[in-house]
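how does the following fold in three dimensions:
(one chain, ligands or ions: 2)
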Amino acid sequence: MTVLSTDARSRHAADFIDDGALHALLASAAPEPSRVRQIIAKAMAKQALSVQETACLLNAEDPALVEEIFAAARELKRTVYGNRVVLFAPLYIGNDCVNDCRYCAFKRSNKDAVRRTLDGPALREQVEALEARGHKRLILVFGEHPRYSPQFIADCVRQVYGVRVGHGEIRRVNINAAPMDQDGYRAVKDAGIGTFQIFQETYHHDTYARMHPRGPKADYLYRLDGLSRAMEAGIDDVGIGALFGLYDWRFEVLGLVSHALFLQTHYGVGPHTISFPRLRPAAGVTLDERWFVSDRHFKRLVAVLRLAVPYTGLICTAREPAELRREVMAMGVSQIDAGSRIEIGGYTEAGDAQVMQREQFCLGDMRSLDAVIGELLADGHIPSFCTACYRLGRTGEHFMEFAIPGFIKRFCGPNAVTTLAEYLIDYASEATRSAGWAFIERELAGMDEKTRQQVREKLDRIARDGDRDLYF
Ligand code: SAM
Ligand code: SF4
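Ligands and ions are numbered 1, 2, ... in the order given. Below you'll find the model as predicted:
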């Protein structure tokens, strides 16, 4: 087992991924249907599944049983998590990078990449463009480079919060950047970040070593321990993830669940979100197709994750095509990005074209935020820009929204309605606006009398008085 030096490790730093043990679980015989149904029943009671139980669901091959897993994930999503889908956009700040990740166009050996970092005015311009479309939640994305120090990242966060145009403002800034030491995390926390995301990429050690031949990212344990250090530094919303397509998708699911359980055990709270990006074509990248994940397997991994980690949000990004995103939304995805551009400067410069030399990989869903909102409404989902929990200090306890009966009814539902109303008034197209108000009326009709009245009061203040950012 690798051991880290004291200044760079958390209290619980340990390599808790045992490749042999995970492979052994995946090599087990297909489970009895009764065992699979028992595990599904446990998940439906909102109990987290163990790694062994998760492996059992992954090993189920009988198509009828797999359908039962899909149906359970849909049911859990409908009855437990409600119909909200939280919307955000990525903002790529800079693509300088000292690492050489085989799958990424920002790798340092890609000499064709146009390297660029947004400075003050250019950053402001991007944020203004995002606000003008109605975004309220961003994730800032960075390559790994000494110039992207914690202080630099913290400054970017403060600048983003400072940009206000009309009713536009960014209310939550999340980060996807290289792992830091604890002082670094404290610096970015002081700037008011929401979630800090680090993807392990692959939990499989040999593959990890092959994919990350040089640079700081070559250190598997430093990365695996990255979010434990974040939690010890006081960041209690952290996001884990794996890049699907580097190794066996089932192994990565077990890695993610192991990681979630590790954080839950040692810090009393699991990850806020799990991401499961699939590999996309990228400039200067030749990918080995052996482990590519089919759409069918992608749906399975989402359904199994939904059942395994009841208190964790699931993020499906615009890497995936629109139709597939639509399907996995029904199986428990709780956050998506929309209207995304991943070129540096892409929100003002790229139009609808994808510029291979300037982006990290190609997107699968290039629709506008308004088009995505229109589709969500048509499918019975309520788009939410809510940031209330984080701003009221209800972080770390995000499991409340799933765990405490009535939390969704009292807070999340009403906040989705008020933030959607803001969007409809300030930014929506005519078609989305009328679909949105009809949807809001249906939501109000489903609320109890007292809540309905409180929400109507806030809606009046938003529509009549021009008030914004009213939340429960
Ligand atoms: N540079 C930092 C790091 O590697 O942790 C921060 C973020 S990196 C710009 C964001 C994520 O994009 C990576 O963690 C990886 O999972 C994903 N990514 C990289 N290349 C990709 C590709 N070709 N297709 C899909 N996702 C990719
Ligand atoms: Fe750099 Fe991150 Fe891309 Fe790796 S994934 S090359 S660390 S930007």
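
tell me which helix or strand residue 86 sits in.
Using DSSP states H and E, residue 86 maps to strand 84-94.

now that strand, how far from the centre of its chain.
Going by C-alpha atoms, centre = their mean, to the nearest Å, the spacing between the C-alpha centre of strand 84-94 and its chain's C-alpha centre is 9 Å.

please apply the same query to stretch 382-396.
Distance, stretch centre to chain centre, for stretch 382-396: 14 Å (C-alpha atoms, centre = their mean).

same deal with stretch 220-229?
In this view, stretch 220-229 has its centroid 18 Å away from the chain centroid, taken as C-alpha atoms, centre = their mean.

does that stretch reach ligand 2?
No - Stretch 220-229 stays clear of ligand 2 (C-beta under 6 Å from any ligand atom), getting no nearer than 9.9 Å. Glycine gets a C-beta too; all of them are placed from N, C-alpha and C.

so where do the strands sit in the protein?
Secondary structure of the chain (DSSP state E): strands at 84-94, 137-142, 164-165, 168-169, 172-176, 196-201, 238-242, 273-275, 313-316, 335-337, 382-384.

what packs against the fourth one?
Counting by 3 or more C-beta pairs under 8 Å, 6 or more residues apart in numbering; DSSP states H and E, the packing neighbours recorded for strand 168-169 are helix 120-133.

then the first one?
Helices and strands in packing contact with strand 84-94 are listed as helix 120-133, strand 137-142, strand 172-176, strand 335-337, helix 369-378, strand 382-384; criterion 3+ C-beta pairs under 8 Å, 6+ apart.

now the ones you listed as TSV including distance to residue 456?
Formatted as TSV, the helices and strands packed on strand 84-94 follow (distance: least, C-beta to C-beta, whole Å):
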stretch	distance to residue 456
helix 120-133	27
strand 137-142	25
strand 172-176	26
strand 335-337	27
helix 369-378	20
strand 382-384	16
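
okay, these in JSON lines with mean neighbour count, mean pLDDT and distance to ligand 1 next?
As requested, the helices and strands packed on strand 84-94 are arranged in JSON lines below (neighbours: other C-beta atoms under 10 Å; pLDDT from 0 to 100; distance: least, C-beta to the nearest ligand atom, whole Å):
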{"stretch": "helix 120-133", "mean neighbour count": "18", "mean pLDDT": "96", "distance to ligand 1": "16"}
{"stretch": "strand 137-142", "mean neighbour count": "23", "mean pLDDT": "98", "distance to ligand 1": "5"}
{"stretch": "strand 172-176", "mean neighbour count": "23", "mean pLDDT": "97", "distance to ligand 1": "5"}
{"stretch": "strand 335-337", "mean neighbour count": "24", "mean pLDDT": "95", "distance to ligand 1": "12"}
{"stretch": "helix 369-378", "mean neighbour count": "21", "mean pLDDT": "96", "distance to ligand 1": "19"}
{"stretch": "strand 382-384", "mean neighbour count": "25", "mean pLDDT": "93", "distance to ligand 1": "24"}
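
which of those sits closest to residue 76?
Of all the helices and strands packed on strand 84-94, strand 335-337 sits nearest to residue 76, with 16.3 Å by C-beta to C-beta.

ok, that closest one: who's next to it in the sheet?
Strand 335-337 has its sheet partners listed here by DSSP bridges as strand 84-94 (parallel), strand 313-316 (parallel).

residue contacts, residue 58?
Contact analysis of residue 58 by C-beta atoms under 8 Å, 6 or more residues apart in numbering lists 26, 250, 253, 254, 300, 304.

pLDDT wise, what is the closest residue in space to residue 390 that isn't next to it in sequence at?
Excluding the flanking residues, the one nearest residue 390 by C-beta to C-beta, 6 or more residues apart in numbering is residue 194, at 5.3 Å. Per-residue confidence at residue 194 stands at 93 (pLDDT).

quick one: the helices in the stretch 351-472 of the chain?
Listed in chain order, the helices of the stretch 351-472 of the chain (DSSP state H, counting those that start in this stretch) span 369-378, 388-391, 400-403, 407, 413-426, 430-445, 449-465.

to residue 104, which of the ones you listed lies closest?
Of all the helices of the stretch 351-472 of the chain, helix 369-378 comes closest under C-beta to C-beta, at 25.5 Å.
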